[in-house]
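A.B. asks: sequence and predicted structure are below.
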Amino acid sequence: MESFVRLISMVPLFLLLGLPFALAGHDYGQALSKSILFFEAQRSGYLPHTQRVTWRANSGLQDGKASGVDLVGGYYDAGDNVKFGLPMAFTITMMSWSILEYGKQMASSGELRHAIDAVKWGTDYLIKAHPEPYVLYGEVGDGNSDHYCWQRPEDMTTDRHAYKIDPSNPGSDLAGETAAAMAAASLVFRHSKPAYANELLSHAHQLFDFADKYRGKYDSSISVAQKYYQSISGYNDELLWAAAWLYQATDNQYYLNYLGKNGDILGGTGWSMSEFSWDVKYAGVQTLVAKFLMQGKAGGYASVFEKYQEKAESFMCNSLGKGSKNVQKTPGGLIFRQRWNNMQFVTSASFLTAVYSDYLSSAGRNMNCASGNVSPTELISFSKQQVDYLLGDNPRATSYMVGYGNNYPQQVHHRASSIVSIKVNPSFVTCRGGYATWFSKKASDPNLLVGAVVGGPDAYDNYADQRDNYEQTEPATYNNAPLFGLLARLSGGHGGYNQLLPAVAPAPKPKPVVTQPKPTPQPKVTPAPAASSGPIAIEQKLTTSWIANGKNFYRYSTIVTNKSAKTLTDLKLSISKLYGPMWGLTKSGDSYVFPSWLNSLAAGKSLEFVYIHSSSPADVSVSSYTLA
């Protein structure tokens with residue numbers, strides 16, 4: 001990653017006003033395949049026999065040796081040859097989340113195995129980087145010396161010093177993100193490699209304990225990272241992020257309590273964000289916690305989790321341009337946050353809006369924004385529009401994914417792709433000689449970096465395809481990680497399954513089975529006790545059903561109607577025989593009451609709540625109420 005400032009002279013783009021958008025439909029399946037392939041070009045270490053990016057070769061084979069630890073492997077973060085732990089761990093977390101949400105679509109495209117392999121290449125390295133409970137190696141190589149040289153990874157002569165955090169030199173953000181990556185990845189491998197999944201979880205528990213017990217910013221301990229991956233947001237977001245993923249992976253009450261008790265203190269319920277990135281995780285935390293709430297997994301912290309959800313929905317509204325603090329967009333409609341590698345914010349925000357769209361669809365509800373009601377369809381349409389822009393539907397008709405479409409970047413700011421493959425010409429490329437011979441060459445890259453998503457256009461949709469224009473032409477792993485989940489979603493559609501069911505990575509090629517459940521519950525009215533039932537009607541109906549892992553699941557909708565001529569307040573419902581997630585009400589002791597966004601029910605008005613479980617309808621009755 002290049003983070004120092006350099007002025008770039010932009011070529012005037014006379015076609016900007018006159019060129020129509022390339023509105024042809026996109027092949028999301030092809031883009032998915034390419035987006036995953038990019039990770040093979042970023043591999044460090046001994047390349048496997050299954051390596052498909054054949055112009056790369058082994059590199060970094062002595063990493064960690066001087067420190068007495070094996071740190072061979074992992075990923076180079078972007079166009080350089082440094083292994084930065086914080087963005088690498090975030091990349092693995094997002095790859096895992098992509099698989100957990102949309103693994104079925106990846107399987108149907110034949111890409112699930114490649115996606116899982118990409119995760120394991122990263123987690124194998126993270127295991128090595130965590131040799132002791134309170135020791136984590138967070139960087140191999142030095143950005144300053146690396147950026148002084150322009151060499152392919154196979155020729156590196158730069159310093160490969162390994163930098164670590166420990167109790168005396170803490171790094172809660174780095175340890176927390178790595179814990180999140182391990183926990184998320186454990187879910188990916190839970191079915192196919194249970195022993196490996198347990199190993200990852202063990203590391204995740206230890207790393208979370210390390211992060212929480214010895215608090216501090218990692219770039220204060222690994223100061224060489226400050227110029228490249230400074231933790232501007234601090235570590236509070238990573239502590240919540242790690243706790244959320246550990247709760248997702250384990251259902252352990254400890255992590256639920258952590259999210260509930262620390263939501264206010266650590267900012268999870270307070271920060272309304274317009275960015276989700278390797279540095280700032282709050283929007284991701286809030287989205288996950290909102291999912292827990294909709295799954296009925298909030299326990300006694302429903303009121304706290306509702307505040308997380310409010311902030312999650314603020315992020316969604318602002319991304320769509322329907323909130324109170326809307327994000328900036330280019331004239332062509334692309335999210336724009338900064339000139340340097342802006343595309344990272346596009347792919348991460350688009351992933352969150354896509355998954356939240358599916359959460360809302362599964363819950364059967366919409367979202368309220370400052371400018372009005374927003375449906376799940378609007379959210380996924382926004383995600384699609386951002387992806388379509390990236391793939392070529394923009395004023396320049398340029399694809400910002402290398403190798404996709406007919407017009408894509410040719411001079412990528414990437415050492416390995418810009419220098420002839422060592423397999424074609426094994427002549428050694430010197431540190432400064434690489435700049436003179438290859439960096440300054442005004443020609444297309446000799447190696448096609450298929451699937452790489454570059455930094456992208458500026459605030460006015462302008463883009464200069466020049467290798468020294470690192471702000472726009474450098475790719476990064478964390479650009480692609482959320483994108484390949486999103487491409488799988490767009491390629492495969494929703495798939496008819498429920499996003500609020502427990503996430504388990506599917507088998508590589510599942511065969512969908514659609515059958516109706518044998519007993520089909522009929523719509524019924526569940527009367528309340530005679531003393532209080534008159535003014536209140538309760539109607540339940542089955543709205544959909546499906547089979548997951550050989551088990552029938554049913555979604556029920558329940559309508560509570562105020563039949564009186566007065567306003568209904570202080571309603572308390574009793575619900576028994578409920579065995580799954582429920583949303584639309586708030587748990588209060590042994591009863592259920594109005595959700596946080598509703599205080600009363602006017603005369604003639606209705607309230608809907610829904611739930612999912614694998615049996616007949618729950619028993620719903622009125623415990624008490626007040627008519628004002």
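C.D. replies: It's in.
A.B. asks: Three-state assignment for Thr561, please.
C.D. replies: Secondary structure assignment for Thr561 (DSSP: H, G, I helix; E, B strand; the rest coil): strand.
A.B. asks: that one contacts Leu571, correct?
C.D. replies: No: using Cβ atoms under 8 Å, Thr561 makes no contact with Leu571, being 11.5 Å away. Quick note: C-beta positions are derived from backbone N, CA and C, even for glycine.
A.B. asks: now do the shared contacts for those two.
C.D. replies: Residues touching both Thr561 and Leu571 by Cβ atoms under 8 Å, 6 or more residues apart in numbering: Ile536.
A.B. asks: those two: which is more packed in?
C.D. replies: Leu571 (22 against 17; other Cβ atoms under 10 Å).
A.B. asks: that one falls within a strand, correct?
C.D. replies: Yes: assessed with three-state DSSP, Leu571 lies in a strand.
A.B. asks: now the residue nearest to it when sequence neighbours are not counted: how far from Glu154?
C.D. replies: Among residues not flanking Leu571 along the chain, Tyr625 sits closest, at 4.6 Å (Cβ to Cβ, 6 or more residues apart in numbering). Separation of Tyr625 from Glu154 (Cβ to Cβ, to the nearest Å): 73 Å.
A.B. asks: re earlier: helix, strand or coil: sort out the residue nearest to Leu571 for me.
C.D. replies: strand.
A.B. asks: my guess is it meets Val560, correct?
C.D. replies: No: between Tyr625 and Val560 there is no contact under Cβ under 8 Å: 10.1 Å.
A.B. asks: if we can go back for a sec, what's around the residue nearest to Leu571, how many residues?
C.D. replies: 18.
A.B. asks: got the contact list for the closest residue to Lys551 other than its chain neighbours?
C.D. replies: Take Lys551 and drop its neighbours on the chain: the residue closest to it by Cβ to Cβ, 6+ apart is Ser614, 5.7 Å away. Contact partners of Ser614, counting by Cβ under 8 Å, 6+ apart, are 551-554, 579-580.
A.B. asks: which members of these are positioned in strands?
C.D. replies: Those of those mapping onto strands are 551-554, per DSSP state E.
A.B. asks: so where's the stretch 351-500 of the chain shaky on pLDDT?
C.D. replies: The stretch 351-500 of the chain contains residues with pLDDT under 70 at 494-497.
A.B. asks: would you check how far apart the closest residue in space to Asp212 that isn't next to it in sequence and Lys261 are?
C.D. replies: Of all residues not flanking Asp212 in the chain, Leu239 sits nearest, at 6.1 Å (Cβ to Cβ, 6+ apart). Using Cβ to Cβ, Leu239 is found at 12 Å from Lys261.
A.B. asks: got it, and Tyr463?
C.D. replies: From Tyr463 to Lys261 the distance is 47 Å (Cβ to Cβ).
A.B. asks: the stretch 51-200 of the chain: helices as residue ranges?
C.D. replies: Remark: helices assigned in the stretch 51-200 of the chain by DSSP state H, counting those that start in this stretch are 85-108, 112-129, 143-148, 172-189, 194-213.
A.B. asks: once you drop chain neighbours, what's closest to Gln51?
C.D. replies: That would be Glu40: by Cβ to Cβ, 6+ apart, it lies 6.1 Å from Gln51.
A.B. asks: next, count neighbours for Thr377.
C.D. replies: 12.
A.B. asks: I meant Ser233, not that one.
C.D. replies: Around Ser233 there are 20 residues (other Cβ under 10 Å).
A.B. asks: re earlier: which of Leu239 and Lys261 has more neighbours?
C.D. replies: Leu239 (30 against 12).
A.B. asks: that one is in what secondary structure piece?
C.D. replies: Under the criterion of DSSP states H and E, Leu239 resides in helix 236-250.
A.B. asks: if we can go back for a sec, what residues are shared contacts of Tyr625 and Val560?
C.D. replies: Contacts common to Tyr625 and Val560, judged by Cβ under 8 Å, 6+ apart, are 536, 571.
A.B. asks: thinking again about what came up before, ranking the contacts of Ser614 by neighbours, who comes first?
C.D. replies: Of the contacts of Ser614, with other Cβ under 10 Å as the count, Tyr554 tops at 21 neighbours.
A.B. asks: okay then, goodbye and thanks.
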